[in-house]
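J.: I'll drop the sequence and a predicted model, then ask my questions.
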Amino acid sequence: MEVEKGIISLRQVNTRSDFFERMFRIALAGPVMTFMDQILYQHKGLPMGAAGSPDMANMFGLWYEMMWMDKLDSNSDILFFGRYLDDIYSIVLAETPDEASALLKSIVHYGDVKLLWEPPTDKANFLDLTTEIRGDRIYHEPFVKAMSHRERIPWSSAHPKDVKKGTFCSEISRLATLCSDYQVFTLQCTEAVNLYIGRGYPKGLVTNWLADQQEKRWANRLSTKVEEDPARTFFTLKTHFNEAWKGFNIQELEARITAQWKDFSPPVAGQKRTREGGLRPRAKRQRVNIGVQGSEFPGQSRLRITQDDGTDVAVYSGLGDIALNLVREQRRQQELKWTQQWISTGKFLVSRRKNTQLWDITRGWNRTVWNQYLEGSGMLRPFHPLYEGYVMSDEDLE
């Protein structure tokens, strides 16, 4: 569409496509690993842990789903179909498990990727959820894979107390969403409390957290979240994990700044602010005298404009001042508009990040050394837009 509107040329489109393809090839290149004293290279699939792998997997799946998703939606025997990256879960009405498998295989396909369907049963595990069909109801509860470490932030960590409480509350909220019965949810909450106690959390503290959150999280487990107004303006105060910020009140800061905005009055054209912040008074109008001056030529005369002391008034063109005042007035109106928008839609947030550690400093040294080497040698990174070197593909390694 940008090409049709003339915003960019077709050549720029090809350049962008080549650039992004090169980036994907580099970011998703097969990893190299060692196994049994051998160096191995992964030829097929995406590397696990790469930042772009989830996005690429979703784009790959969406490409094929657009071809047959309408057919799947129109089939009344397929009650549910969902995919999370490379995991698929579906609920199908069928007389036998073979009929259910045959129906899905006749519609669902992803090119030459071979799908390994588990035998259909009344009970199945999908990610961290176990579902079971009992009569005319579908029950579900949390599922934990075998050998799962179930890691949680230990009490001995340097995270603030409110962050640790937030992780526990989010755990209770997750359990409430995964449980279909309250009795199962109660058992899962008890198990979560024991899990956190095992990580060193005080028993009384975790028990109080549960008493405060259990009923609330269960009541709101399926409530629709109210989306934030996209027109809102967010002002983020960036801080660190430091005890000094415990006494800071972001609401008080917001109230003080908003009050200043409400009292804000930009100067009108021709006025300037003093050092104290006030507006300077307008200059008084100059009084002039107008009279008739003697003619230089017969039959002619002209007006003379003088001040009170009899001196002439300097006459100059005011077009420059008019244009300057116009620009100032436009800026004033824009400032008023912005200020009113901030008052109506502004929301103040606090963002906290971990403190700088020795590992962060050493990574900065590494980056500095590489940048100096690249700058001195004139070498370009493979993902640089001007890089014209060759990027090895999977076909070249086979």
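T.: Structure received. Residues are numbered from 1 along each chain as shown.
J.: low-scoring stretches of the stretch 1-150 of the chain, by residue?
T.: Filtered on pLDDT under 70, the stretch 1-150 of the chain yields the residue ranges 1-10, 12-13.
J.: quick one: the helices in it?
T.: 10-27, 53-73, 97-107 (DSSP state H, counting those that start in this stretch).
J.: Any chance of the ones you listed in a markdown table with mean neighbour count as columns?
T.: All C-beta spots, glycine's among them, are computed from the backbone N, C-alpha and C. Below are the helices of the stretch 1-150 of the chain laid out as a markdown table (neighbours: other CB atoms under 10 Å):
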| stretch | mean neighbour count |
| --- | --- |
| helix 10-27 | 12 |
| helix 53-73 | 13 |
| helix 97-107 | 15 |
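J.: Pass me the low-pLDDT residue ranges in the stretch 251-398 of the chain, would you?
T.: Those would be 266-321, 381-398, if you go by pLDDT under 70 across the stretch 251-398 of the chain.
J.: For it, which segments count as strands?
T.: Along the stretch 251-398 of the chain, counting by DSSP state E, counting those that start in this stretch, strands occupy 289-293, 302-306, 346-353.
J.: what residues go with each domain of the protein?
T.: Following automatic domain parsing, one finds the domains of the chain at 53-120, 161-219, 234-267+308-355.
J.: Now do the first one: distance to the chain's middle.
T.: Right, the one you point to is domain 53-120. 30 Å (CA atoms, centre = their mean, to the nearest Å).
J.: First-to-last residue distance for it?
T.: End-to-end distance of domain 53-120 (CA to CA, to the nearest Å): 29 Å.
J.: helices or strands up against the helix ranked longest in the chain?
T.: Assignment by DSSP state H gives helix 319-345 as the longest helix of the chain. Here helix 319-345 touches strand 233-240, helix 250-262, going by 3 or more CB pairs under 8 Å, 6 or more residues apart in numbering; DSSP states H and E.
J.: Alpha carbons only: can I get the shortest one in CSV?
T.: As requested, C-alpha coordinates have been extracted for strand 233-240 and formatted as CSV (Å, rounded to 0.1, in the frame of the first residue of the first chain):
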residue,chain,number,x,y,z
THR,A,233,-0.7,9.4,28.2
PHE,A,234,1.7,7.4,30.5
PHE,A,235,4.4,9.1,32.4
THR,A,236,6.9,6.6,33.8
LEU,A,237,9.2,7.3,36.7
LYS,A,238,12.2,4.9,36.3
THR,A,239,13.7,3.8,39.6
HIS,A,240,15.8,0.9,41.0
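J.: what's the angle from it to helix 319-345?
T.: With axes from the mean of the first three to the mean of the last three CA atoms, to 10 degrees as the basis, strand 233-240 and helix 319-345 are set at 70 degrees to each other.
J.: List the contacts of strand 233-240.
T.: Outside strand 233-240, the residues within contact range by CB atoms under 8 Å, 6 or more residues apart in numbering are 245, 248, 250, 253, 341-342, 345-355.
J.: what about Tyr201, distance to Gly376?
T.: Note on Tyr201: its distance to Gly376, by CB to CB, to the nearest Å, is 52 Å.
J.: Check Lys105 too.
T.: Counting by CB to CB, the gap from Lys105 to Gly376 is 59 Å.
J.: Equivalent analysis for Arg221, please.
T.: 59 Å.
J.: Among those two, which residue is more densely surrounded?
T.: Neighbours per residue, other CB atoms under 10 Å: of Arg221 and Gly376, the larger number sits with Arg221, 16 against 8.
J.: Need the three-state assignment for that one.
T.: Secondary structure state of Arg221, per DSSP: H, G, I helix; E, B strand; the rest coil, is coil.
J.: Mind checking which of the contacts of strand 233-240 are buried?
T.: Burial by neighbour count, judged by 16 or more other CB atoms under 10 Å, picks out 342, 346, 352 from the contacts of strand 233-240.
J.: Report the beta-bridge partners for the second one.
T.: Partner residues in beta bridges with Gly346, using DSSP bridges, are Thr233.
J.: Surely it and Thr258 touch.
T.: Yes. Taking contacts as CB atoms under 8 Å, Gly346 lies within contact range of Thr258: 7.0 Å.
J.: measure the closest residue in space to Ser53 that isn't next to it in sequence to Leu28 for me?
T.: On the basis of CB to CB, 6 or more residues apart in numbering, the spatially nearest residue to Ser53 that is not a chain neighbour turns out to be Leu46, at 4.2 Å. Using CB to CB, we find Leu46 at a distance of 6 Å from Leu28.
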